[in-house]
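# Provided below for reference: sequence and predicted model.
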Amino acid sequence: MSEAAQRWHLAGLAAAVLAVDPGAMGGIVLRARSGPVRDKWLALANALTEAPARSMPPSIADDRLLGGLDLGATLSAGAPVHSSGVLAEADGATLIVPMAERLEAGTAARLGAALDTGLVPDGGTTPAQFGLILLDEGAAPEERPPEGLCDRLALHISLEGLALADTQEKPLDTADIAAARALLPRVRLPDPAFETLTVSAAMTGITSARATLMAARVARVLAALGRRKMVSDQDLATAAGLVLAPRAKFMPETAEPEEDTPPPPPDQDQPDSDADNSDETGRVEDKVLDAIRALLPNLALNDTARRRGSARSAGSGAREKAVTHGRPAGTRPGKPDRRSRLDLLATLRAAVPWQKLRGRHPGEAHIAIRADDFRLKRFERPSESVKIFVVDASGSAAMARMAEAKGAVELMLAEAYQRREKVALIAFRGTGAELLLPPTRSLVQAKRRLAVLPGGGGTPLASALQSGAALARQIRQRGATPYLVLLTDGRGNIALDGTPGRPGAAEDAIKAAREIAADYLTSILVDTSNRPQAEAADLAKAMGAQYLPLPRADAGRISGAVRTAIGA
Amino acid sequence: MTNPFPFSAIVGQDEMKQALLIAAVDPSVGGVLVFGDRGTGKSTAVRALAALLPPIQVRPDCAYNSQPGEAVPGREDDDATETVEIPTPVVDLPLGATEDRVVGTLDLERALASGEKVFEPGLLARANRGFLYIDEANLLEDHLVDLLLDVAASGENVVEREGLSIRHPARFVLVGSGNPEEGELRPQLLDRFGLSVEVASPTDIAERVEVVRRRDAFDRDPQGFLKRWTRKNTAEQRRILKARKALGRVKMPDAVIEAAARLCAAVGSDGLRGELTLIRSARAHAALEGARAVTITHLAAIAPSALRHRLRRDPLDEIGSTARIDRAITEVLGV
């Protein structure tokens, strides 16, 4: 079987496993763009379940998700009309979320609560047991559905890069599912299997006990699908491929996560490094680890991408569109749901002029309100700010400068009591710039990511300015306010195309700086050279930045100067 | 609702269990903050503890879990003494919950249908006399955390909005959880939680295997599993009830109070809250241990949980808070 056909085989198995025991699996995270392969998989998954799947948009409003009073219908009927939500409607079926990478944190939390309890999370007792399929269509590695929700779904598969030609395998049918379901309660998991899975998880950097537990459940269902009463080693290996591989942070052979090292093909036997071949568990573990290894490059995101993902979801809470507090900013017409607040006075005011037309007479006690009259309160919140430190890590002074920049970042984070402030750090040296710390407000993350600081080499100033500006634009697009803080002596010696030489480098740097000015990005240039010279001041002028000569600047002075300059 | 996992069957996580037990014995200690990775059994532990506590007596159909004689909206002069038994409530506060949902709001249904102005109680009412669990407290909007801590401290929810003026009892133990990698709580808020614990997945393979094995056994056969743990769970329950009763009688020697003050000074924790929590939780811990008087050992056992989150942070200091407290315990208390 080709590698692609093998992945299709696994994807088909995942659909079958979910159909057999949706309650224990939670669901599937399917990473694939929309297209014929994904459509084929969805049709296949749909054919395995009795009830037709229900679909919901990622930006669903709470009243549609949880159900509740239907205000429009209530008013026209004159008596309370309740509508059931999507969660209740999905009870006993599969719930599909397309574009799941755009799920809001609140919606994801409610889905997670429903998965945990089997009830609609509104405090009531409405059942909502469903298998959840998240269609992750994210383009960049950091575009992922909320981590907390993914963690609850046992099966993670990817159809990326598969062609229709790879999908020839005959799928399982409903008879297989029914047989497996009947057999499942009698399937036994040999006791050492827990150890095998736990050790495999530990060796691949998975700390969550939930993942191991889910792998055990999947192994049982796989055995049931294969009409076996005892879980086989192969079942364990396949379960590990479906559950552990996508969550793996590294492989035991390589201490660092390395994407570019091609793993050995799955069918080739690993040379046994240890002598104790007789150890039964050891060999099963190898098999399981091989299964994980075989799938790692296709399924797993590396550690960095995973963290980036979590950082993103952390910030997304602040980006919620329907703001329910803050500075009042007038009213707007709209349909009230649980995330907005009705402005009663404004609603009445909107209804009053129409009372005569609606058949009400002055002096009558009641007032006729139609759905069009609803006015919602609007609120404004100051937008989040992100300080992007762009730090020169080149040359001999690099280490000291980087250490102080790191200190400044940590000080700013520690002072950032207001959670609306984030800090990012880009270092540049050699031939390019590197995002060392993506925008975060977590001091813990900053400390860990900045534990090792690169230093030395040439000064690619122009490319650093471009990276900083690109990140700033990205941040601005998300509705936050970026500030660029450049720490350098302003003497670039690597041009944009990577060629060394001062004149070309300086020209490119000035050009990049002008682009920053043209974008009206607020920026500060901290000149860290011992004797401030014209280059840095010129650069600051070109980028429209405030120029702060701070020779021998330490962490405290840098963060203080930045605060004063920005006025925060 | 499904049965929660038995408390006594939770593998390891001793500090978290200790903090939760202390809060169950003496809710005046203040809330518990649990920081750690996902899948470390934080919410399992909270649910398990609530299931361990004896059922509470409430008025029938009361949205506020009130006792007879207690004034709640709509029952100001109700002198019926009839009660029903309900399990200790655990209310989840999901991320993205609105202020309306939390504090309660105008009952739109009644307002629209019959023109009545009636208060629709929120999550705070449902959590009365139980636990309020906030998953990912660090991602919760600041104003909501402020509000929750205020209510938790005063035991009363005061609602002044939409023309309503309502107050109702809301006494609960606040348990917040979160992952520090995804954002932090403001120090002012941190300080207002009574205890804070850090949980991590066990590093010992045997322990990890046991976690998975027990959970799997529970999922396969909840009733049978619960039965096997009944004896230990009942013993744990008796320990809590005994400790609650004994709490007022546990002696607090001056030497321990002085030691608590010295410890706070040594680690540089701000304010009196640290000392107060130290003393209260040491007393609850001693009561749980069945001791007649609090000793320095009791104090040392709870000091990390009571002080960890109160240290003035120096971001450039690489030593963790726990290490700083451990050092102070050794220096000041000599244990």
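On my side now, so go ahead. Numbering: from 1, shown residues only, chains lettered A, B, ... in the order given.
# what's near enough to touch residue 137?
Just going to use chain A. A:32-34, A:98-101 (C-beta atoms under 8 Å, 6 or more residues apart in numbering or on different chains). To be clear about C-beta, it is placed using only N, CA and C from the backbone, and glycine gets the same treatment.
# should've been chain B
Contact partners of B:Ala137, counting by C-beta under 8 Å, 6+ apart, are B:33, B:145, B:176-178, B:185.
# Mind doing that once more with 7 Å?
By C-beta atoms under 7 Å, 6 or more residues apart in numbering or on different chains, the contact list for B:Ala137 reads B:145, B:176-178, B:185.
# How about B:His168?
Applying C-beta under 7 Å, 6+ apart, the residues near B:His168 are B:64, B:72-73, B:125, B:157.
# That one in helix, strand or coil?
strand (DSSP: H, G, I helix; E, B strand; the rest coil).
# what's the distance between the closest residue to B:Gln237 other than its chain neighbours and chain A?
Once flanking residues are discounted, B:Gln237 sits nearest to B:Leu52: 5.3 Å by C-beta to C-beta, 6 or more residues apart in numbering or on different chains. The gap separating B:Leu52 from chain A is 19 Å, by C-beta to the nearest C-beta, to the nearest Å.
# circling back to that earlier point, now secondary structure, pLDDT and distance to chain A too, for the contacts of B:Ala137, in TSV please.
Listed next are the contacts of B:Ala137 as TSV, based on DSSP: H, G, I helix; E, B strand; the rest coil; pLDDT from 0 to 100; distance: C-beta to the nearest C-beta, whole Å:
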residue	secondary structure	pLDDT	distance to chain A
B:Val145	helix	80	10
B:Gly176	strand	89	14
B:Ser177	strand	86	11
B:Gly178	strand	81	10
B:Leu185	coil	72	9
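# Which of those residues ranks first by neighbour count?
In terms of neighbours by other C-beta atoms under 10 Å in any protein chain shown, these top out with B:Gly176 at 27 neighbours.
# Report the separation between the residue nearest to that one when sequence neighbours are not counted and B:Leu272.
Closest residue to B:Gly176 apart from its sequence neighbours, by C-beta to C-beta, 6+ apart: B:Ala137 at 3.3 Å. To B:Leu272, B:Ala137 is 24 Å away according to C-beta to C-beta, to the nearest Å.
# same check, this time on A:Ser442
On the measure of C-beta to C-beta, A:Ser442 and B:Leu272 end up 29 Å apart.
# Just want to know which of these two has more residues nearby.
Neighbours per residue (other C-beta under 10 Å) separate A:Ser442 from B:Leu272, with A:Ser442 holding more: 23 against 10.
# how about the helices in the stretch 1-150 of chain B?
B:14-25, B:42-52, B:99-103, B:108-114, B:123-126, B:142-154 (DSSP state H, counting those that start in this stretch).
# Can you classify A:Pro482 by secondary structure?
strand.
# list the contacts for the nearest residue to it once chain neighbours are set aside?
Excluding the flanking residues, the one nearest A:Pro482 by C-beta to C-beta, 6+ apart is A:Ala472, at 3.7 Å. Going by C-beta under 7 Å, 6+ apart, A:Ala472 touches A:388, A:482, A:484, A:521.
# So what does A:Ala472 look like in phi/psi?
phi -60, psi -40 (degrees, to the nearest 10).
# Next, find the distance separating it from A:Ala427.
For A:Ala472, the distance to A:Ala427 - C-beta to C-beta - is 16 Å.
# What of A:Leu411?
18 Å.
# which of the two has more neighbours?
More crowded of A:Leu411 and A:Ala427, by other C-beta under 10 Å: A:Ala427, with 28 against 22.
# before we move on, which element is the more buried one in?
With secondary structure defined by DSSP states H and E, A:Ala427 is part of strand A:421-429.
# Which elements pack onto that strand?
strand A:385-392, helix A:398-415, strand A:432-440, helix A:461-477 (3 or more C-beta pairs under 7 Å, 6 or more residues apart in numbering or on different chains; DSSP states H and E).
# what about 10 Å?
The helices and strands touching strand A:421-429, judged by 3 or more C-beta pairs under 10 Å, 6 or more residues apart in numbering or on different chains; DSSP states H and E, are helix A:303-316, strand A:385-392, helix A:398-415, strand A:432-440, helix A:443-449, helix A:461-477, strand A:481-488.
# Tell me which of the ones you listed lies nearest to A:Arg552.
Nearest to A:Arg552 among those is helix A:398-415; the distance by C-beta to C-beta comes to 8.7 Å.
# That closest one: which residues count as buried?
A:398, A:401-414 (16 or more other C-beta atoms under 10 Å in any protein chain shown).
# B:Ile296 reaches B:Ala282, doesn't it?
Yes - here B:Ile296 reaches B:Ala282: they are 9.2 Å apart, a contact under C-beta atoms under 10 Å.
# Neighbour count for the two, which is higher?
B:Ala282 (28 against 19).
# from memory the more buried one sits against B:Ala300, does it?
Yes - taking C-beta under 10 Å as the definition, B:Ala282 is a contact partner of B:Ala300 at 8.9 Å.
# where do the contact lists of these two overlap?
B:Ala259 (C-beta atoms under 10 Å, 6 or more residues apart in numbering or on different chains).
# quick revisit: out of the helices of the stretch 1-150 of chain B, which comes closest to A:Leu115?
helix B:42-52 (12.5 Å).
# so how far is the closest one from its chain's centroid?
10 Å (C-alpha atoms, centre = their mean, to the nearest Å).
# Let me see the ranges of the strands in chain B.
B:32-36, B:56-58, B:84-86, B:90-93, B:104-106, B:119-121, B:130-134, B:156-161, B:164-169, B:172-178, B:195-199 (DSSP state E).
# residues contacting the residue nearest to B:Glu85 when sequence neighbours are not counted?
Using C-beta to C-beta, 6+ apart and skipping residues adjacent in sequence, the residue nearest B:Glu85 is B:Pro55, 4.5 Å away. Residues near B:Pro55 by C-beta under 10 Å, 6+ apart: B:84-88.
# Most neighbours of all those residues, which one?
Ranking the contacts of B:Pro55 using other C-beta under 10 Å puts B:Thr88 first, with 18 neighbours.
# and that residue, what pLDDT?
pLDDT, B:Thr88: 88.
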